[in-house]
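Novice: with the input below, show me the fold.
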Amino acid sequence: MNMRMDSKRAAFIPLLITYVVVKLVHTFVGFEYDLLSEGLFNMKFVIDIASWAVVYAAVYFLLRKLLPQKGEALTK
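Specialist: Numbering: from 1, shown residues only. Below you'll find the predicted structure:
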C-alpha cells in the first residue's frame with residue numbers, strides 16, 4: 001500500500017506544479033482560453049495544450065533529476 005501512495009503522490013506533484021506555473025505564465029502574458037465558450041479546435045486550444053505539455057515535461061524531468069528515486073540512495 002505504501003508503494004501505491006508514493007506513486008500517486010509522485011504523479012500528483014508534477015501536475016500541481018504544472019498547473020501553478022501554467023496559470024502564472026498565462027496570467028502574466030494575458031492569455032485567456034475557455035474551452036466551453038471558445039470551442040475545442042482553434043489556435044488557443046493548441047497553445048493551451050502545448051504550454052501544458054512543455055511545462056509538464058520540464059517539471060517532470062527536473063523533479064526526476066533533483067529528487068532521488070526509490071532505491072537509488074542504496075546503489076550509490
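
Novice: enumerate every residue touching Val21.
Specialist: Residues near Val21 by Cβ atoms under 8 Å, 6 or more residues apart in numbering: 55, 59. The way it works is simple: take the backbone N, C-alpha and C, and place the C-beta from them, glycine included.

Novice: what residues of the host helix or strand of it count as buried?
Specialist: Under the criterion of DSSP states H and E, Val21 resides in helix 2-29. Counting neighbours by 16 or more other Cβ atoms under 10 Å, one finds that the buried residues in helix 2-29 are 14, 17-18, 21-22.

Novice: need the max-distance pair from the residues you listed.
Specialist: The most widely separated members of the buried residues of helix 2-29 are Pro14 and Val22, with 11.9 Å between them, by Cβ to Cβ.

Novice: any common contacting residues for the two?
Specialist: With Cβ under 8 Å, 6+ apart, Pro14 and Val22 have no common neighbours.

Novice: give the phi and psi angles for Glu32, as a check.
Specialist: Dihedral pair for Glu32: phi -130, psi 130, per degrees, to the nearest 10.

Novice: might you report the residue contacts of the residue nearest to it when sequence neighbours are not counted?
Specialist: With Cβ to Cβ, 6 or more residues apart in numbering as the measure, His26 is the residue that lies nearest to Glu32, at 7.4 Å, once sequence neighbours are left out. Contacts of His26 were listed using Cβ under 8 Å, 6+ apart, and they are 32-33, 51.
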